[in-house]
Structures are given as structure tokens and as C-alpha cells.
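> please work out how this folds:
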Amino acid sequence: MAKLQVVDPHIHLWDLWTRLYPHFETPAKGGANAAICRSYLLDEYRSEGADAVEVVGAVHVEAFPTEPVRETETLQRVADDTDLPLVFVGNGDLTSLEFPALLDRHQAFPIFRGIRQVVNMHPEPARNYVSRDLMAEPRFLEGLRELGRRGLSFDLQLYPHQMAAAAGLAAQAPDTQIILNHAGMWADRDLAGWQQWKAGMRLLAARPNVSAKISGIGMLDNQWTIESARPLVLESLEAFGAGRVMFASNFPVDKLHASFAAVWLAFDAITSRCTEAERGAMFRDNARSFYRMAA
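Reported below is the predicted structural model:
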């Protein structure tokens, strides 16, 4: 049986010797993330699921570094030392007056493709990733537009109740490619939360400059199965279409909940009725296009 070939558009690598990732040096209270509180490097990533899955390209997404440009520099060295096509989404604060200058520094490295700034806020404070509503600040929109002017993309991580605001910003920054992370993070796992997520996904999908990564399944469904993941995958495809969806592993974060092969073979099984052209787009071609990667 031939291996499933994928371009993986959402991975994280961290070398604790760099001291860029103090949050991975000590496990969280209770130790739920203990298995990934160590260095996770490219050789280990490439060995994941190697019997069933062949990775033919990857996108490293920022891992909350203490020094954003040094993370880019570090990943550039990794990319220079491998035959795997590898590009990078860096860290930056769109609301900062220094954001254009930061982009200048990031863009000194050929691997750089865009910025992720996580904006997740939730009525339950324990689920917040940030302490203020970044998208409500005027400079956030200006930062989005600056990315578009430079031909750079924005990785958007948020919760469903924030999707309407994000769709409004996408409409005001039409030249910026916005890539939704983790299928919009359906966090409230009840009927009302599902309906809110579905509606929000369609609001975002109505903006032609928004695409979606289906990833991070285990983050919000720790005991997921193919059947529990199927509605989320199919609804995402219904909203965005095969031309604007990418599958991704979110490794090593999702390594806490499933093997690499299990993640990819689940996506493979759920999309078995799609055409080969659609599957080629979702598993490889869309990632290459949206992240400007060589074929």
C-alpha cells in the first residue's frame, strides 16, 4: 500500500537549548503536557508515522518564543540543513507601533511567510490565551493590511464566538491571506456551541481571502475517534470547499492524544469519497499555494 503523501502546514519544533521556549521547560500543573516538555526536533518529527505517511513539505508555526526574530533565524538554519521543503510562520504583535520594523527583520530570512498572533479569548478566563481583545484595537487591522501589502499571510487562532469580528476584519483587509488555525477551535462542545461554530465558519468562508486548516483535533476532544472527528471535518469542507482547506498534524501538540499516523489516516478515511483532485488539494497543493512553497 502506497504511503499517504502530505504537506503538513502546521507543525512546531522547539529546541530547549535555545531558551526561546521557557513554557516547555516545566510541565504544567498536573503534568498533562509532560510528554512534550522537552526538545522536539526535525529528525523526530520526520520519523513520526514514517511507515504510513510521507511528509513532502511542512510549515513551522511559531511556538510562543521569547524572541520572535531569533526563532525565525533558528528555523532558517534548520531549513538550510534539510532536504525537506520547510517554511515558517513567525510571531509578532500586529497592534505594536514597531510591527513594520519587526516584519523587516523577519523578512531578512527566506523561510519567512507570515505571522501568527493568537487572539483566543473566552467567557471562561481559564480558556484565555491573551488578556485583551486584540482584534478590537485599531492597529490590529492596520497590521493585517501591512501583511497584505508585503505579500505575507496571517494565521488566525480564535474561538467561534470571535469569528464574526474576524470576518469583518477580513473584509477590511481583502489583500491579506488569512489562514484559520485548528478548524476554528470548537471549544464549547454542546449543541449551542456547535451551532455557533457552524455559523461562524460560514461567516469566515464568505470572505474569499480566508482559508482553513483542519488540525488540533485532540486539543479539544482528547478521546477523539474517526467518527467524532468526521462532523467537524465535513462541516469545514462544506463551508470552505476543497480549494480552501488544508489538513495538518499540529505535532507535537496533538502527539499528546494520538499518533501521527492516526491523525493523517483519519483525515484520509473521512475524505475517501472525495475526488483525487480534491484530496491532492487538501493534503498537499493548498498548503503549497497558501504558504508560497515550491512544489
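> show me where the stretch 51-200 of the chain has its helices.
Along the stretch 51-200 of the chain, counting by DSSP state H, counting those that start in this stretch, helices occupy 68-80, 99-106, 138-149, 163-172, 191-205.
> ok, residues contacting the shortest one?
Applying C-beta atoms under 8 Å, 6 or more residues apart in numbering, the external contacts of helix 99-106 come out as 68-69, 72, 90, 92-93, 96, 112, 115, 139, 143, 146-147, 150, 152. Quick note: C-beta positions are derived from backbone N, CA and C, even for glycine.
> switch the cut-off to 10 Å
Helix 99-106 is contacted from outside by 68-73, 88-94, 96, 98, 112-115, 117, 139-140, 142-143, 146-147, 149-150, 152, using C-beta atoms under 10 Å, 6 or more residues apart in numbering.
> what segments of the protein are strands?
For the chain, the strands defined by DSSP state E cover 4-11, 53-61, 86-91, 112-116, 153-156, 178-180, 210-214, 245-247.
> now distance to residue 123 too, for the ones you listed, in JSON lines please.
JSON lines is the format used below for those (distance: least, C-beta to C-beta, whole Å):
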{"stretch": "strand 4-11", "distance to residue 123": "26"}
{"stretch": "strand 53-61", "distance to residue 123": "26"}
{"stretch": "strand 86-91", "distance to residue 123": "26"}
{"stretch": "strand 112-116", "distance to residue 123": "23"}
{"stretch": "strand 153-156", "distance to residue 123": "20"}
{"stretch": "strand 178-180", "distance to residue 123": "21"}
{"stretch": "strand 210-214", "distance to residue 123": "24"}
{"stretch": "strand 245-247", "distance to residue 123": "28"}
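> could the ones you listed go into a markdown table alongside mean neighbour count, distance to residue 196 and mean pLDDT?
As requested, the strands of the chain are exported to a markdown table (neighbours: other C-beta atoms under 10 Å; distance: least, C-beta to C-beta, whole Å; pLDDT from 0 to 100):
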| stretch | mean neighbour count | distance to residue 196 | mean pLDDT |
| --- | --- | --- | --- |
| strand 4-11 | 23 | 23 | 98 |
| strand 53-61 | 23 | 25 | 98 |
| strand 86-91 | 24 | 27 | 98 |
| strand 112-116 | 24 | 23 | 98 |
| strand 153-156 | 24 | 17 | 98 |
| strand 178-180 | 28 | 15 | 98 |
| strand 210-214 | 25 | 16 | 98 |
| strand 245-247 | 27 | 20 | 98 |
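> mark which of the contacts of helix 99-106 are buried, thanks.
Among those, those scoring as buried are 68-69, 71-73, 88-94, 112-115, 117, 140, 143, 146-147, 150, 152 (criterion: 16 or more other C-beta atoms under 10 Å).
> returning to what we had before: right, and the helices of the stretch 51-200 of the chain - which one's nearest residue 286?
helix 191-205 (14.0 Å; C-beta to C-beta).
> tell me how far that closest one is from the chain's mean position?
How far helix 191-205 lies from its chain's middle: 19 Å, per C-alpha atoms, centre = their mean, to the nearest Å.
> packing partners for it?
Here helix 191-205 touches helix 163-172, strand 178-180, strand 210-214, helix 226-240, going by 3 or more C-beta pairs under 10 Å, 6 or more residues apart in numbering; DSSP states H and E.
> mind listing what's buried along it?
Buried, per 16+ other C-beta under 10 Å, within helix 191-205: 194, 196-198, 200-201, 203-205.
> can you tell me which helix or strand of this structure has the lowest average pLDDT?
The helix or strand with the lowest mean pLDDT-type score in the chain, counting by mean pLDDT, DSSP states H and E, is helix 217-220 (a mean of 93).
> I'd like to know which elements that helix is packed against.
helix 226-240, helix 260-270.
> and those: which comes nearest residue 4?
helix 260-270 (5.5 Å).
> angle of that closest one against strand 4-11?
110 degrees (axes from the mean of the first three to the mean of the last three C-alpha atoms, to 10 degrees).
> can you give me the neighbour number for the residue lying closest to residue 21 once chain neighbours are set aside?
Leaving aside its chain neighbours, residue 21 sits nearest to residue 14 (4.6 Å; criterion: C-beta to C-beta, 6 or more residues apart in numbering). Residue 14: 24 surrounding residues under other C-beta atoms under 10 Å.
> residue 14 contacts residue 66, correct?
No. Residue 14 is beyond contact range of residue 66, at 11.5 Å (criterion: C-beta atoms under 10 Å).
> spit out the residues that contact those two alike.
Counting by C-beta under 10 Å, 6+ apart, the shared contacts of residue 14 and residue 66 are 20-21, 23.
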